[in-house]
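Asker: Sequence and computational prediction follow.
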Amino acid sequence: MGKVGFGTAVGIAVVTCTVAAVVVGWRLRSRMKWKRVVGVLRELEEACGTSVSRLRQVVDAMAVEMHAGLASEGGSKLKMLLTFVDKLPNGNEKGICYAIHLGGTNFRVLRVHLGGRRSGILRRDVERMPIPQHLMTSTSEDLFEFIASSLKQFVVGEEEKDSELSSVSRSELGFTFSFPVKQVSVSSGILIKWTKGFSIADMIGKDVSECLQQAMAKKGLNIHVAALVNDTVGTLAVGHYNDEDTVAAVIIGTGTNACYFERADAIIKCQGLLTTSGGMVVNMEWGNFWSSHLPRTQYDIDLDAESPNPNDQGFEKMISGMYLGDIVRRVLLRMSRESDIFGPSSSRLSTPFILRTPLMASMHQDDTPDLREVARVCNDVLGIPDVSLKARKLIVNICDIITRRAARLAAAGIVGILKKIGRDGSAGVAGSRTKAASSGGKLKRTVVAMEGGLYTNYTLFREYLEEAVAEILGEELAPFVTLKVVEDGSGLGAALLAASLSFISTDT
Ligand code: ADP
Ligand code: MG
């Protein structure tokens with residue numbers, strides 16, 4: 001071999017070695033980065049741990065906080081608001097009632113014709129309409145003028161369909177108002193603050209029912225507001241109407257809340273409270289529950305700090321549909337910063353709330369072998385193309401950890417309520433004298449009414465929740481507790497309550 005030939009051979013060998021070294025180095029770095037990502041996943045898994053023993057601590061904390069919130073005003077992060085609903089519909093109600101619901105995704109008006117025990121709901125008409133954006137920040141007069149005229153249109157339409165209605169001199173109405181209200185009676189209450197994009201300053205501190213009553217009078221409607229309720233109370237009312245063993249209601253949708261039927265003597269902050277039934281529905285406002293036993297991660301801390309309401313609604317921020325997708329986004333963002341598994345960084349991944357919970361659910365529940373839906377959401381929503389199958393599996397894993405934690409914590413909250421009222425097989429919480437509620441230690445069938453888009457539409461969430469309730473309660477007790485989905489609790493419930501408060505049933 002000549003000198004030139006030898007030099008060329010050496011040159012080729014050097015280049016080959018360099019290329020090989022680069023490839024090996026890249027592979028090594030890539031493996032190390034993947035290892036780091038797996039480390040982040042393991043860390044998340046551990047921080048979100050919800051062993052049964054931890055869940056039982058949450059159960060106890062919930063029951064204790066409930067007790068504290070009932071003992072004194074401001075005694076707990078749980079407000080435990082009185083609703084003055086001391087009697088729940090039981091199916092005997094007869095007649096026609098109206099209801100309106102303000103505070104959900106749409107404004108709704110409905111009419112229900114109740115046939116009494118043997119017939120149930122004979123007819124139900126519902127109309128949904130969005131609240132015009134400008135009215136959400138206008139004046140209370142404008143808002144209620146819109147509500148009353150929508151109601152009038154609906155009533156007139158119904159009367160045209162059913163001529164018998166025109167002969168009714170005065171109708172009863174239930175008003176579901178899903179904003180924080182300090183209830184004064186079962187049919188009136190004062191607005192504490194607006195949420196969900198509403199902001200009408202002159203309304204704060206005003207009686208919500210009175211505003212509606214006046215607006216209806218101006219439109220010539222002879223309708224009486226018989227009940228002013230929160231959406232959870234409506235859900236409990238429907239649950240109880242369908243099944244009298246229903247003792248509590250839980251909503252898990254965009255937000256989360258719960259209410260239950262409490263003995264009057266356990267409501268210590270309102271001494272001498274007299275109710276015909278000896279009990280009253282308490283609106284827990286459980287989204288604000290907090291306990292050091294909740295498995296909190298840095299992602300939760302950051303989400304809270306960057307939210308418009310830091311240190312508020314801590315339980316809700318770990319559980320409800322508004323937030324789950326964003327917790328997942330935060331984990332993905334950290335992984336993308338610490339590795340290149342999602343390729344060059346995507347600015348969309350830094351956009352808060354870009355990953356909505358239904359999309360997260362569709363990735364979590366993707367049953368295609370190559371996780372096509374995960375790839376689609378990554379590409380179309382998060383701006384991350386060409387995600388490897390390994391990385392897609394990782395994403396599914398993250399969704400699973402976050403949803404499982406949420407569902408199991410909600411389950412612990414539910415068992416906490418059952419514990420407070422002595423339906424969990426224990427003696428309940430000291431001071432509430434709940435032993436009697438379990439009728440001398442005998443186990444009673446107990447139903448919890450469930451509502452909300454997260455619970456009803458997210459199958460894996462629902463399955464994890466049900467599984468955890470059974471796990472916490474144990475084999476012996478679990479068969480006595482049923483979670484029952486209630487359709488349209490927030491609208492229908494108010495109508496049922498208006499009926500049960502106004503009509504004397506004829507066929508008991
Ligand atoms: P709201 O809470 O406004 O009264 P819903 O009870 O219908 O309304 O709940 C809507 C919420 O439920 C959505 O904001 C979303 O977070 C969640 N959700 C709805 N559909 C799904 C779904 N398919 N998978 C997961 N979450 C869902
Ligand atoms: Mg709702």
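Answerer: Right, received. Where do you want to start? Keep in mind the model is a prediction, meaning the values are calculated, not measured. Numbering: from 1, shown residues only. Ligands and ions are numbered 1, 2, ... in the order given.
Asker: quick one, strands of this protein?
Answerer: Per DSSP state E, the chain carries strands over the ranges 81-82, 94-102, 107-115, 121-129, 171-177, 181-185, 188-191, 223-229, 246-252, 256-263, 279-283, 446-451, 481-485.
Asker: Kindly point out the strands partnered with the third one and how each is oriented relative to it.
Answerer: Read it as strand 107-115. strand 94-102 (antiparallel), strand 121-129 (antiparallel) (DSSP bridges).
Asker: Also the shortest one?
Answerer: Strand 81-82 pairs in its sheet with strand 279-283 (antiparallel), by DSSP bridges.
Asker: Give the burial count for residue 192, as a bare number.
Answerer: 14 (other C-beta atoms under 10 Å). (Glycine included, C-beta is placed from N, CA and C.)
Asker: before we move on, what about residue 161?
Answerer: Neighbours around residue 161, by other C-beta under 10 Å: 10.
Asker: swap in residue 233?
Answerer: 30.
Asker: Surely it touches residue 249?
Answerer: Yes: Residue 233 lies in contact with residue 249 (C-beta atoms under 8 Å); the separation is 7.4 Å.
Asker: what residues are shared contacts of these two?
Answerer: Counting by C-beta atoms under 8 Å, 6 or more residues apart in numbering, the residues touching both residue 233 and residue 249 are residue 259.
Asker: rewinding a little: which among the strands of the chain is found nearest to residue 459?
Answerer: Ranking these by proximity to residue 459 (C-beta to C-beta) places strand 481-485 first, at 12.3 Å.
Asker: what lines up beside the closest one in the sheet?
Answerer: For strand 481-485, the paired strands and their directions (DSSP bridges) are strand 446-451 (parallel).
Asker: Identify all contacting residues around the partner strand.
Answerer: In contact with strand 446-451 (C-beta under 8 Å, 6+ apart) are residues 231-232, 235-236, 238-240, 243, 245-253, 414, 417-418, 423, 456, 480-486, 489-490.
Asker: Can you go through those and name the buried ones?
Answerer: Those of the contacts of strand 446-451 that meet the buried threshold are 231-232, 235-236, 238-240, 243, 245-253, 414, 417-418, 423, 456, 480-484, 486, 489-490, by 16 or more other C-beta atoms under 10 Å.
Asker: from these, which are also near ligand 1?
Answerer: residue 253 (C-beta under 6 Å from any ligand atom).
Asker: among the buried ones among the contacts of strand 446-451, which are within reach of ligand 2?
Answerer: residue 253 (C-beta under 5 Å from the ion).
Asker: Contacts for stretch 399-406, please.
Answerer: For stretch 399-406, using C-beta under 8 Å, 6+ apart, the contacting residues are 41, 44-45, 48, 50, 295, 318-320, 324, 327-328, 331, 360-361, 363-364, 458, 460-461, 464.
Asker: OK, contacts around residue 365?
Answerer: Residue 365 neighbours (C-beta under 8 Å, 6+ apart): 458-460.
Asker: tell me the phi and psi of it?
Answerer: Torsion angles at residue 365 (phi, psi; degrees, to the nearest 10) stand at phi -100, psi 20.
Asker: do you know how far it is from residue 359?
Answerer: Note on residue 365: its distance to residue 359, by C-beta to C-beta, to the nearest Å, is 11 Å.
Asker: shared neighbours, these two?
Answerer: By C-beta under 8 Å, 6+ apart, no residue touches both residue 365 and residue 359.
Asker: for the contacts of residue 365, which one is nearest ligand 1?
Answerer: Nearest to ligand 1 among those: residue 458, at 3.7 Å, using C-beta to the nearest ligand atom.
Asker: Find the closest residue to ligand 2 in the stretch 151-300 of the chain.
Answerer: residue 253 (4.8 Å; C-beta to the ion).
Asker: Can you get me a residue count around the residue of the stretch 301-450 of the chain found nearest ligand 2?
Answerer: Going by C-beta to the ion, ligand 2 is nearest to residue 321 of the stretch 301-450 of the chain, at 10.3 Å. Look at residue 321: counted by other C-beta under 10 Å, it has 25 neighbours.
Asker: if we can go back for a sec, grab the nearest non-local neighbour of the residue of the stretch 151-300 of the chain closest to ligand 2.
Answerer: residue 452 (3.3 Å; C-beta to C-beta, 6 or more residues apart in numbering).
Asker: Provide a list of residues in contact with that neighbour.
Answerer: Residue 452 neighbours (C-beta under 8 Å, 6+ apart): 250-254, 256, 321.
Asker: still on that earlier bit, out of the contacts of residue 365, who's the most crowded?
Answerer: Ranking the contacts of residue 365 using other C-beta under 10 Å puts residue 458 first, with 26 neighbours.
Asker: Okay, now the unreliable bits of this protein?
Answerer: Under the criterion of pLDDT under 70, the regions of the chain flagged as low confidence span 1-28, 104-105, 163-168, 427-441, 504-508.
Asker: Tell me where it has helices.
Answerer: 3-47, 52-71, 140-161, 208-218, 231-242, 298-305, 314-319, 324-338, 357-364, 372-380, 389-420, 453-457, 459-473, 489-502 (DSSP state H).
Asker: okay, those helices in CSV with distance to residue 289 next?
Answerer: What follows is the helices of the chain, written out as CSV (distance: least, C-beta to C-beta, whole Å):
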stretch, distance to residue 289
helix 3-47, 19
helix 52-71, 6
helix 140-161, 31
helix 208-218, 25
helix 231-242, 14
helix 298-305, 14
helix 314-319, 4
helix 324-338, 17
helix 357-364, 20
helix 372-380, 31
helix 389-420, 7
helix 453-457, 17
helix 459-473, 16
helix 489-502, 21
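Asker: re earlier: any of the contacts of stretch 399-406 buried? List them.
Answerer: Buried among those by 16+ other C-beta under 10 Å: 41, 44, 48, 50, 295, 318-320, 324, 327-328, 331, 360-361, 363-364, 458, 461, 464.
Asker: ok, now which ones touch the residue in the chain positioned nearest to ligand 1?
Answerer: Closest residue of the chain to ligand 1, C-beta to the nearest ligand atom: residue 321 (2.1 Å). Contact analysis of residue 321 by C-beta under 8 Å, 6+ apart lists 252-255, 357-358, 452-454, 458.
Asker: do the same with residue 379
Answerer: Applying C-beta under 8 Å, 6+ apart, the residues contacting residue 379 are 385, 387.
Asker: separation between it and residue 387?
Answerer: Residue 379 is 8 Å from residue 387, by C-beta to C-beta.
Asker: Likewise for residue 490?
Answerer: The value you get for residue 490 to residue 387, if C-beta to C-beta is used, is 39 Å.
Asker: Repeat that for residue 455.
Answerer: Distance from residue 455 to residue 387, by C-beta to C-beta: 29 Å.
Asker: right, and residue 89 touches residue 495 too?
Answerer: No: if you go by C-beta under 8 Å, residue 89 and residue 495 don't touch, sitting 9.3 Å apart.
Asker: Same drill for these two, tell me which one is more crowded.
Answerer: A direct count of neighbours by other C-beta under 10 Å for residue 89 and residue 495 places residue 495 higher, at 34 against 26.
Asker: Around ligand 1, which positions in this protein sit nearby?
Answerer: 104-105, 253-255, 321, 357-358, 361, 452-454, 457-458.
Asker: Determine which two of these are furthest apart.
Answerer: For the residues of the chain next to ligand 1, and using C-beta to C-beta, no pair is farther apart than 104 and 361, which are 20.0 Å apart.
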